[in-house]
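> Please find the sequence and the predicted model below.
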Amino acid sequence: MLPLTVAWPLLGAVLLAGPGRWLRRTAADALATAWATAQLALLAGLWAAAGDGRLVSWVAGWTPVDGHSVGIVLAADRIGAGLALLAAALVLAALGYAWRYFDEPETEQGHGGAFPALLLLFEAGMCGFALTGDLFDAFVFFELMGVAAYALTAYRVEEPRPLQGALAFALTGSVAGYCALLGIGLLYARTGELALARIGEALGRQPPGPVAAAAFALIATAMLVKAAAVPFHFWLPDAHAEAPSPVCMLLSGVMVELGLYGLLRVYWTVFSGPGGIPAEVFRTTFLVLGALTALTGAVLCWQQRHLKRLLAHSTVGHMGLFLCAAALLTPAGTAGAALYALGHAGAKAALFALVGVLLDRFGSVDEHGLHGRGRDLVAAGALTVAGALALAGLPPFGTGLGKAVAEHATAHGAPWLLPVFLLVPAVTAGAVLRAALRVFAGAGATPRQRHAGPETTGGGEEPEVRDPSRRVPRVMLVVPALLLGASLAVGLLPGLAHRIAEAAAGPPVPEAEWTATGVLLGLAGAVLAAAMAAAALWGPALKGPAAGAVRAAADRAIVLAVVPLRRLHSGHVGDYVAWLAAGLAALMAVFTLCARAG
């Protein structure tokens, strides 16, 4: 079963890119959907078969000889198989959503299966990355996942903006790949091993040293680029702004989470022993990095009017929270991060799908330009409000349960982070709620820009559909509704939450259930998000000296703090690579100095 989980989507991609060129659109989409459904069933069976242990397969029978291996090893436990299952579910959702989305030309030869073929290729990379037991093969799947993502981002390659976003994504990702490969080379030179478990065993017999520390800094940098942690996140808003909406569902729903999973798996398996990185150094470094990522994402999310960029910065903010919870290195923190990420995947994928509805109808994702134009899209508006409340952590959404478990762990491990866990979801949800009320209900006055600084409006986008005046296809509303339902299921089904916590943390299994404190904090976050949205919509209309003083103070804060932060997102790939290099240098300095001191 394990090799088939990677081979099956690869074979589907070959069929769609080859013989699929002569299929009509409906036939190509039906074939891709059937293929993705079979992959989902296969991974569900694998997840069940893994049980509480681990399945291992040596591809083509290349088993270790005298304790050394050169073969491809795949290993599936509940967390790895669960992430692959999540990737398969979101790929199936993206394929279903895209049935009526793209304006593809019908020719005498047929439709061509380029887009579904790329999605299946992307799925093969994600599944392989989640299930590999070999560090070099993880790099191979890391690159396969990246190449497919770059091509999907530039799917409208004849237009300049998608090409620019894809190039920034590709060049940043390529530098990350070089970092990973160099780190793997250092580890191989030090240990003579490539299997994750055997590298960990070899390092455990050696004293700490700068070579292992440098290798971890390089590999961690590569994973943090995929996870869009600050200052490695600059590619993400540009890629999301230009990628087709079904692709955004995958980038924010599962790919960035795989980056965090890769970081944690490499640390736990390879570097958590005596010859690696001390737990306290890892914890302190990534708690600070996670908090910085969460706050940066929240601030930039609130200031966006381009709806795709708004959701992209929301992803950055939430990834910071996941990183904080996981960096605690406790079972409760790991379980909270897993539950939170799973609930977030459904909610965020649904919100990107709903933004696609606006792009379908109006050819725009500009919050200001769409003011009141979505009044007739009642179902889309209701689902967007529900998605915003899910981001706030409102019970009983899975995001609320994961947030509650993570907050409980944080209260015991890093209580100074509790305000971050309250504010970041509220700010990002408030931004989405503000946009939803403005677009779908016409709430508030038409806003005016009151400060200088760079701003991407989101107007003048190229429609991605045959006819922007058509009625919204039912499937484009059914898919986000199902995704939000899945996010609800994580919070409502105690057995499911317990299984996820057990898979993520292992024994002893932390409590993964609602508590009075968790419910109250979730409700407080939702109320705060609603209050912030109301203040943004109706606050400018308030008169009087107090209201004027508050607006003046807010404008000064924007000019002094927010505008410089936004200027860093210049759109120049050289700037992004420079920030990546700066982040790598900082991690290298921290880990190597600690290795020398230890």
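Arrived safely. All figures in this text were calculated on a predicted structure; none of them were measured in a lab.
> Quick check: what element follows the helix or strand containing residue 41 along the chain?
Here residue 41, judged by DSSP states H and E, is contained in helix 25-50. Using DSSP H and E, the next helix or strand after helix 25-50 towards the C-terminus is strand 55-58.
> Dump the C-alpha coordinates for whichever helix or strand comes after that next one into PDB.
Using DSSP H and E, the helix or strand that directly follows strand 55-58 along the chain is strand 73-76. Provided in PDB are the C-alpha atoms of strand 73-76 (Å, rounded to 0.1, in the frame of the first residue of the first chain):
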ATOM      1  CA  VAL A  73      12.100   3.600   2.500                       C
ATOM      2  CA  LEU A  74       8.500   4.700   3.100                       C
ATOM      3  CA  ALA A  75       7.200   4.700   6.700                       C
ATOM      4  CA  ALA A  76       3.600   5.500   7.700                       C
END
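> Contacts for strand 73-76, please.
Strand 73-76 is touched from outside by 2-3, 5-6, 46-47, 50, 54-59, 84, 128, 131-134, 137, 195, with contacts defined as C-beta atoms under 8 Å, 6 or more residues apart in numbering. In short, each C-beta sits where N, CA and C put it, glycine included.
> gap between the next helix or strand after it and the chain center?
Note on strand 73-76: by DSSP H and E, the next helix or strand toward the C-terminus is helix 78-97. Relative to its chain's centre, helix 78-97 lies at 13 Å (C-alpha atoms, centre = their mean, to the nearest Å).
> mind listing what's buried in stretch 23-36?
Buried residues in stretch 23-36, defined by neighbour count with 16 or more other C-beta atoms under 10 Å: 23, 25, 28-29, 31-33, 35-36.
> mind giving me JSON lines with those residues and columns for pLDDT?
Output for the buried residues of stretch 23-36, formatted as JSON lines (pLDDT from 0 to 100):
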{"residue": "23", "pLDDT": "79"}
{"residue": "25", "pLDDT": "79"}
{"residue": "28", "pLDDT": "85"}
{"residue": "29", "pLDDT": "86"}
{"residue": "31", "pLDDT": "90"}
{"residue": "32", "pLDDT": "92"}
{"residue": "33", "pLDDT": "93"}
{"residue": "35", "pLDDT": "94"}
{"residue": "36", "pLDDT": "95"}
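> Quick check: which helices or strands does the helix holding residue 41 pack against?
Here helix 25-50 touches helix 2-17, strand 73-76, helix 78-97, helix 114-131, going by 3 or more C-beta pairs under 8 Å, 6 or more residues apart in numbering; DSSP states H and E.
> between these, which gets nearest to residue 571?
Closest to residue 571 of the helices and strands packed on helix 25-50 is helix 114-131 (C-beta to C-beta; 24.4 Å).
> now the closest one against helix 78-97, angle please.
170 degrees (axes from the mean of the first three to the mean of the last three C-alpha atoms, to 10 degrees).
> And the next helix or strand after helix 114-131, what's buried?
The helix or strand immediately downstream of helix 114-131 is helix 135-153, counting by DSSP H and E. With burial defined by 16+ other C-beta under 10 Å, the residues of helix 135-153 counted as buried are 135-139, 141-153.
> Same question for stretch 65-84.
Using 16+ other C-beta under 10 Å as the test for burial, stretch 65-84 gives 69, 71-84.
> Next: stretch 415-433.
417, 420-433.
> which stretches of this structure have low pLDDT?
The chain contains residues with pLDDT under 70 at 67, 100, 102-112, 447-470, 506, 547-548, 550-551, 554-555, 557-561, 597-598.
> Could you chop it up by domain?
Structural domains assigned to the chain are 1-102+111-133, 161-275+579-598, 278-306+313-463+477-567, following automatic domain parsing.
> quick one: which helix or strand includes the spatially closest residue to residue 304 that is not a sequence neighbour?
Excluding its sequence neighbours, the residue lying closest to residue 304 (C-beta to C-beta, 6 or more residues apart in numbering) is residue 310, at 3.8 Å. Taking DSSP H and E as the definition, one finds residue 310 inside helix 307-327.
> Now that helix - C-alpha only, CSV.
Only the C-alpha atoms of helix 307-327 are listed here, as CSV (Å, rounded to 0.1, in the frame of the first residue of the first chain):
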residue,chain,number,x,y,z
LEU,A,307,-8.9,39.4,-0.5
LYS,A,308,-6.4,36.7,-1.5
ARG,A,309,-3.6,38.6,0.1
LEU,A,310,-5.7,39.1,3.2
LEU,A,311,-6.3,35.4,3.5
ALA,A,312,-2.6,34.6,2.7
HIS,A,313,-1.4,36.9,5.6
SER,A,314,-4.0,35.2,7.8
THR,A,315,-2.3,31.9,7.0
VAL,A,316,1.0,33.4,8.0
GLY,A,317,-0.5,34.5,11.4
HIS,A,318,-2.0,31.1,12.1
MET,A,319,1.1,29.2,11.1
GLY,A,320,2.9,31.3,13.8
LEU,A,321,0.4,29.9,16.3
PHE,A,322,0.9,26.3,15.1
LEU,A,323,4.7,26.8,15.4
CYS,A,324,4.4,28.2,19.0
ALA,A,325,2.2,25.3,20.1
ALA,A,326,4.5,22.6,18.5
ALA,A,327,7.6,24.3,19.8
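> Now do the helix or strand following that helix against helix 78-97, angle only.
Per DSSP H and E, the first helix or strand lying C-terminal to helix 307-327 is helix 331-362. If you take the same axes, to 10 degrees, helix 331-362 sits at 10 degrees to helix 78-97.
> how far off helix 307-327 does helix 331-362 point, in degrees?
Angle, helix 331-362 to helix 307-327, by the same axes, to 10 degrees: 170 degrees.
> Against which helices or strands is helix 331-362 packed?
Looks like helix 331-362 contacts helix 78-97, helix 245-250, helix 256-266, helix 307-327, helix 378-392, helix 398-413, helix 475-492, helix 494-505 (3+ C-beta pairs under 8 Å, 6+ apart).
> How far away from the center of its chain is the third one?
How far helix 256-266 lies from its chain's middle: 11 Å, per C-alpha atoms, centre = their mean.
> Just the buried ones from the contacts of strand 73-76, in ChimeraX syntax?
Only the buried entries of the contacts of strand 73-76 go into this ChimeraX selection, using 16+ other C-beta under 10 Å:
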select :2,5,6,46,47,50,55,57,58,84,128,131,132,133,134,137,195
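> neighbours around the closest residue in space to residue 397 that isn't next to it in sequence, how many?
Spatial nearest neighbour of residue 397, excluding adjacent residues (C-beta to C-beta, 6+ apart): residue 390 at 4.3 Å. Look at residue 390: counted by other C-beta atoms under 10 Å, it has 29 neighbours.
> Same check on residue 160?
With other C-beta under 10 Å as criterion, residue 160 counts 10.
> got the contact list for it?
So residue 160 contacts nothing (C-beta under 8 Å, 6+ apart).
> And it, how close does it get to residue 246?
The spacing between residue 160 and residue 246, counted by C-beta to C-beta, to the nearest Å, is 21 Å.
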